[in-house]
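Engineer: next input, structure requested:
(2 chains)
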There are 2 protein chains.
Amino acid sequence: MLVVQKFGGTSVGDLERIQNVANRVSESRKAGNEIVVVVSAMSGETNKLVGYAEHFSSNPARAEMDMLLSSGERVTASLLAIALTVMGFPATAMSGRKAGILTDESNTTARIEDINSHAMKEVIKDGKIIVVAGFKGVNKNGDVTTLGRGGSDLSAVAIAGAIGADLCEIYTDVSGIYTTDPRIEPKAKKLDKISYDEMLELASLGAKVLQNRSVEMAKKLNVNLVTRTSFSNEEGTLITKEENIMEAPLVSGIALDRNQTRISLMGVKDRPGIASDIFNKLAQNDINVDMIIQNKAHDGNTNIDFTVPLNDLNDAKSVVDSFVKSGEIQADSYNEDICKVSVVGVGMKSHAGVAAKAFSTMADNNININMISTSEIKVSMVINEKYAELAVRGLHDAYELDK
Amino acid sequence: MLVVQKFGGTSVGDLERIQNVANRVSESRKAGNEIVVVVSAMSGETNKLVGYAEHFSSNPARAEMDMLLSSGERVTASLLAIALTVMGFPATAMSGRKAGILTDESNTTARIEDINSHAMKEVIKDGKIIVVAGFKGVNKNGDVTTLGRGGSDLSAVAIAGAIGADLCEIYTDVSGIYTTDPRIEPKAKKLDKISYDEMLELASLGAKVLQNRSVEMAKKLNVNLVTRTSFSNEEGTLITKEENIMEAPLVSGIALDRNQTRISLMGVKDRPGIASDIFNKLAQNDINVDMIIQNKAHDGNTNIDFTVPLNDLNDAKSVVDSFVKSGEIQADSYNEDICKVSVVGVGMKSHAGVAAKAFSTMADNNININMISTSEIKVSMVINEKYAELAVRGLHDAYELDK
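Structural biologist: Numbering: from 1, shown residues only, chains lettered A, B, ... in the order given. Okay, the predicted model is just below:
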C-alpha cells in the first residue's frame, strides 16, 4: 500500500517521541508499505516563535511570519529522516517547496492550489521514505507560505490525493472519532468508520483531531482518512465516502457545540430584501451565521433569530446596531447561555422518525427546544446550555449508540 | 552609501539583542544609507540542532543536515525584519534562495557560485531594508545548502560584491583586528586599516573575527570589509586593498599560531620526485602542510622537515608510515611543542632589514629558531612553544607596534 502518515506536534514533541515515530514508520515500511510522512513542528515550537514575533510587533507582516513559522517543520522533518536512515530505512526530507506544494498568495492562511508530485514520485520509485515538512508551501513567486491552523493535516491530505495514496493516516494523541464526547458520556464508543459528510457535521467531536478544511479536502480528493493515536497500536476511525460504508447506522454520533450565541432581532421592517441585506452584511464581515429562523409574530412584525460563534459576537452586534439605528430593526437581544446539540447519521436519509425521536427525547427530559434546523443527515437543536450534558446523554441512550 | 551589515550569533543571541541590532540598523538607515543585513542563527541554536541530529546518528546525511541547520537563520531574519518594520523602517526578510545565492552541491560545505541579485536590487530600489538569512543558499536543483563554518560572513561578502556595496560591515563581539593578541601583549593596538593579504597572513589574530575564506572572497570581489563590535559604537578595522592604504606601516602585526606540529623525516631516499610523492600523498589526504624545509645532511642523506596543523597529525603519521615501511624514509620524528610566530606587513616589500630585525630579536631573547619561511609580506619562525609569549612581546616592541 502507498500510505501517507501525518504526525502532529505532540507526536513529535521531543527526541524520544520522534524516535517512536521513526519506529512506527519503519514497522509500516517493513510490512511492505511505501510511505510519505508529513510532520508538524515539535509541540511548543510554533507558539515560541509566535511569542518571539509578538515581542516586536502585535501585527507583524505576514510574509515574515511565514518565513519565521515555517522553520519548525523543517527541523522535525530533517530529524525524522536522519532517524529513519540510521535505522536502515533510507529517507529523504523535503520542504513544502520540494514536495511541490503550490499555494495561493495568502500568507499565513494560504490555500493549496496544486501539487506537483513529480519529485515525490521519483523518490518513492527509488524505494525511499519521504518526510515532508507539513504546514508549508510556496506561492507562484516562489515565496514560502503557511497553510494556517491544521495546515499539516491539509498537507497530508493533499499529498495523499496527489500521489493517489491508498490511505492517509492522521496520528494525534486522540484514538479516533467517538459517538459523542466521552467526557460527557462515558459510554461513548469509538466509531470504526464514518462518512465525510457525517464527519463534517460532527465537527465538534473531531475538533481536537481534524479540522473541517481537511475533511472537505479529503472528500473532494476521495482520500481515505484515518485518525488514530501515535501512542498505542489501537485502530483508529476511517473517514471515507458513504459508498464504502456497508450498513450505515441510523445515527453515528451526537455532537455538542457550546460555542454559539443566539441573536434575536425583533420588529424587523417588513420590506423585500431585508433579510438578504442583514445576512449579506454579516457575511461581508466574515461572521459565520449558523442556524437561522424567521417567523412572523401575530402582531404582524417579523422576528429573525440566528446563531453565530461566540468570538464573532461583537462584530455581529456592530452590524445589527447599524440596522437598529436606521430603524429597520426595532429591538435586538443576545443570549450566550445556549448550546447546539446535533444528531448525525447518513442512515437518516432513508429512515423516517429520527428527528421525532430527538424531539421526544428532549421532551422526556423536560428540555425546551429554542431552535431547530435539519439537513439530510442531521438534526440540530438549540437549547439552554445548562441542559447540554443531559441532552447529549439522553440522545446517546435513545439511539442506543453504546450498543 | 550602500552597506551590507552582518550580525553574528552572539549579536542576535536573544530578543533584546535583536532589538539592539534593529536600533543600530535603523540609525544607519536614518543616516541615509541603503542597507542589506545578513544574520546568523541566535547563538546556541545551531549547536542545539546539531545535538538533536547527533541524538539519532553520528553521521547524518548532509542534505538533511542542511535542511535542519538552515532553519535557525530564517528565524532571526524574520524577527529582525518584523522589528525594523514596526519601528517605521520597512524591511523584507529573504532566505538565501530568495536573495539569489546559488551554490555548488556540496551539502554542509557549499561554495557560492553566483548571486542573482535582481530581487535584492528591486527591494533596495523600493527603499526597503533587506534582511537575509545568512549561511544558506540553493544548488542548481533548488535544494537548500549551507556554507559551512563562517558561512554567514561569506553570504555577506558575496552579497556586498554582487550588489556593489560600498562597505561590508561584519559585527561580532570583538572590536577589530589588533597588532597582536592583547591577552599576550596588553600594549597591542587596534589597527585602523589593513590589506587583504596582511589579514590573510594574520589569520590567527582574526581567527575569532573572520575566516580566511571570507577575506579571500572580499579580496577577489574587491569588497571593503570592516570588522567591528555590535556592543558599542567603537570604530572597527577596515580590510581593503593595498592601494587604499596610504603610508602602509613596515609591520602591521605579529601573529602566533600554536596549532602546528613539526614532522621531521630523516634519511629520505635520494631519488627524483620523492618530495613530490610525499607531499602529493599528504595533499590527497586533505592535510594542510604549512612550512617545508629540505636540506642535505653532511652524510649525504636528505632530511625534510615540515609542519601540519595538530588535528591533521594522525593522518599525516599514516602517510609517513607508508613511506617508512617501503624503506624510502629511514626515520621520522614528531614535535608538538612548537609554535609559529609571524611578522606581517606590506611595508616589507619595499624595505630591507625587516627579517634581520626579527632574527636579532629572537637572538636577544635567547630563543632558538627551528625553521624559517619568508614571503613578500611575512617572516615566519618556528620556535619552542614555551617561548611563544616572549617572542610575541619582543617582536611587538622591536617593531614599535604600540607607537
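Engineer: export whichever helix or strand A:Ala358 is part of to CSV, keeping only CA atoms.
Structural biologist: Per DSSP states H and E, A:Ala358 falls inside helix A:354-364. Only the C-alpha atoms of helix A:354-364 are listed here, as CSV (Å, rounded to 0.1, in the frame of the first residue of the first chain):
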residue,chain,number,x,y,z
VAL,A,354,-35.2,10.1,13.5
ALA,A,355,-36.0,13.7,14.2
ALA,A,356,-39.2,12.8,16.0
LYS,A,357,-37.2,10.6,18.4
ALA,A,358,-34.8,13.5,19.1
PHE,A,359,-37.6,15.9,19.9
SER,A,360,-39.4,13.3,22.2
THR,A,361,-36.1,12.7,24.0
MET,A,362,-35.9,16.4,24.8
ALA,A,363,-39.5,16.4,25.9
ASP,A,364,-38.9,13.3,28.1
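Engineer: show the contacting residues for the closest residue to A:Val354 other than its chain neighbours.
Structural biologist: Leaving out its chain neighbours, the residue that sits closest to A:Val354 by CB to CB, 6 or more residues apart in numbering or on different chains is A:Met348, at 4.6 Å. In this view, the C-beta of every residue, glycine as well, is placed from N, C-alpha and C. Taking CB atoms under 8 Å, 6 or more residues apart in numbering or on different chains, we find A:Met348 in contact with A:250-251, A:354-355, A:376-379.
Engineer: who wins on neighbours among these?
Structural biologist: Highest neighbour count within the contacts of A:Met348: A:Val251, with 27 neighbours (other CB atoms under 10 Å in any protein chain shown).
Engineer: that one contacts A:Val346, correct?
Structural biologist: No - the pair A:Val251 / A:Val346 is not scored as a contact, 9.4 Å apart, by CB atoms under 8 Å.
Engineer: any shared contact partners between these two?
Structural biologist: Counting by CB under 8 Å, 6+ apart, no residue touches both A:Val251 and A:Val346.
Engineer: who are the contact partners of the residue in the stretch 201-350 of chain A positioned nearest to chain B?
Structural biologist: Nearest residue of the stretch 201-350 of chain A to chain B (CB to the nearest CB) works out as A:Ser230 at 17.6 Å. Contact analysis of A:Ser230 by CB under 8 Å, 6+ apart lists A:7, A:11, A:17, A:20-21, A:24, A:171-173.
Engineer: could I get those as JSON lines with pLDDT, distance to B:Met1 and neighbour count?
Structural biologist: Output for the contacts of A:Ser230, formatted as JSON lines (pLDDT from 0 to 100; distance: CB to CB, whole Å; neighbours: other CB atoms under 10 Å in any protein chain shown):
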{"residue": "A:Phe7", "pLDDT": "96", "distance to B:Met1": "50", "neighbour count": "28"}
{"residue": "A:Ser11", "pLDDT": "92", "distance to B:Met1": "51", "neighbour count": "24"}
{"residue": "A:Arg17", "pLDDT": "95", "distance to B:Met1": "50", "neighbour count": "18"}
{"residue": "A:Asn20", "pLDDT": "95", "distance to B:Met1": "54", "neighbour count": "17"}
{"residue": "A:Val21", "pLDDT": "96", "distance to B:Met1": "51", "neighbour count": "24"}
{"residue": "A:Arg24", "pLDDT": "96", "distance to B:Met1": "56", "neighbour count": "18"}
{"residue": "A:Tyr171", "pLDDT": "94", "distance to B:Met1": "54", "neighbour count": "25"}
{"residue": "A:Thr172", "pLDDT": "89", "distance to B:Met1": "54", "neighbour count": "23"}
{"residue": "A:Asp173", "pLDDT": "85", "distance to B:Met1": "55", "neighbour count": "15"}
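Engineer: relative to A:Pro309, which of those residues is nearest.
Structural biologist: A:Thr172 (23.1 Å; CB to CB).
Engineer: thinking that closest one is in contact with A:Thr229, fair?
Structural biologist: Yes - using CB under 8 Å, A:Thr172 makes contact with A:Thr229 at a distance of 6.6 Å.
Engineer: residues from the stretch 1-150 of chain A in reach of chain B?
Structural biologist: Residues of the stretch 1-150 of chain A lying close to chain B by CB under 8 Å from any CB of the partner chain are A:15, A:18-19, A:22, A:49, A:52-53, A:55-57, A:60-61, A:63-65, A:67-68, A:70-72, A:74-75, A:77-79, A:81-83, A:85-86, A:92-93, A:95, A:97-98, A:133, A:142-144.
Engineer: can I have the buried ones of these as a ChimeraX selection?
Structural biologist: Buried subset of those, written as a ChimeraX selection, criterion 16 or more other CB atoms under 10 Å in any protein chain shown:
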select /A:15,18,19,22,49,52,53,56,57,60,61,63,64,65,67,68,70,71,72,74,75,77,78,79,81,82,83,85,86,92,93,95,97,98,133,143,144
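Engineer: in helices, which of the residues of the stretch 1-150 of chain A next to chain B appear?
Structural biologist: If you go by DSSP state H, these have A:15, A:18-19, A:22, A:49, A:52-53, A:55-56, A:63-65, A:67-68, A:71-72, A:74-75, A:77-79, A:81-83, A:85-86 in helices.
Engineer: keeping just the C-alphas, turn stretch A:72-81 into PDB.
Structural biologist: Taking C-alpha atoms only, stretch A:72-81 is exported to PDB below (Å, rounded to 0.1, in the frame of the first residue of the first chain):
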ATOM      1  CA  GLY A  72       9.800  24.400  12.900                       C
ATOM      2  CA  GLU A  73       8.600  21.800  10.500                       C
ATOM      3  CA  ARG A  74      11.900  21.800   8.700                       C
ATOM      4  CA  VAL A  75      13.600  20.700  11.900                       C
ATOM      5  CA  THR A  76      11.200  17.800  12.600                       C
ATOM      6  CA  ALA A  77      11.300  16.600   9.000                       C
ATOM      7  CA  SER A  78      15.100  16.600   8.900                       C
ATOM      8  CA  LEU A  79      15.500  14.800  12.300                       C
ATOM      9  CA  LEU A  80      12.900  12.100  11.400                       C
ATOM     10  CA  ALA A  81      14.700  11.500   8.000                       C
END
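Engineer: what is the rounded mean pLDDT of it?
Structural biologist: For stretch A:72-81, mean pLDDT is 95.
Engineer: can you tell me what sits against it?
Structural biologist: Stretch A:72-81 has contacts (CB under 8 Å, 6+ apart) with A:12, A:15, A:18, A:21-22, A:25, A:37, A:39-42, A:45-46, A:49, A:91-96, A:129, A:131-136, A:152, B:49, B:52-53, B:56, B:61, B:64-65, B:67-68, B:70-71.
Engineer: let's see 7 Å
Structural biologist: Residues outside stretch A:72-81 that contact it (CB atoms under 7 Å, 6 or more residues apart in numbering or on different chains): A:12, A:18, A:21-22, A:37, A:39-42, A:45-46, A:49, A:91-93, A:95, A:131-136, B:49, B:52-53, B:56, B:64, B:67-68, B:71.
Engineer: picking that back up, following the helix holding A:Ala358, which helix or strand shows up next?
Structural biologist: Later in the chain than helix A:354-364, the nearest helix or strand by DSSP H and E is strand A:369-375.
Engineer: buried residues in stretch A:214-226?
Structural biologist: Neighbour counts over stretch A:214-226 (16+ other CB under 10 Å) mark A:214-215, A:217-219, A:221, A:223-226 as buried.
Engineer: likewise stretch A:161-175?
Structural biologist: Neighbour-count burial for stretch A:161-175 flags A:161-163, A:165, A:167-172, A:174-175 (criterion: 16+ other CB under 10 Å).
Engineer: closest to B:Glu122 out of the residues you listed?
Structural biologist: Each of the buried residues of stretch A:161-175 was scored against B:Glu122 by CB to CB, and A:Ala162 proved nearest at 32.8 Å.
Engineer: cross-check the contact I'm expecting between that closest one and A:His118.
Structural biologist: No - using CB atoms under 7 Å, A:Ala162 is not in contact with A:His118, being 10.0 Å away.
Engineer: touching, A:Lys340 and A:Val379? I think so.
Structural biologist: No - applying CB under 7 Å as the test, A:Lys340 and A:Val379 come out as separate, 10.8 Å apart.
Engineer: all set, thanks.
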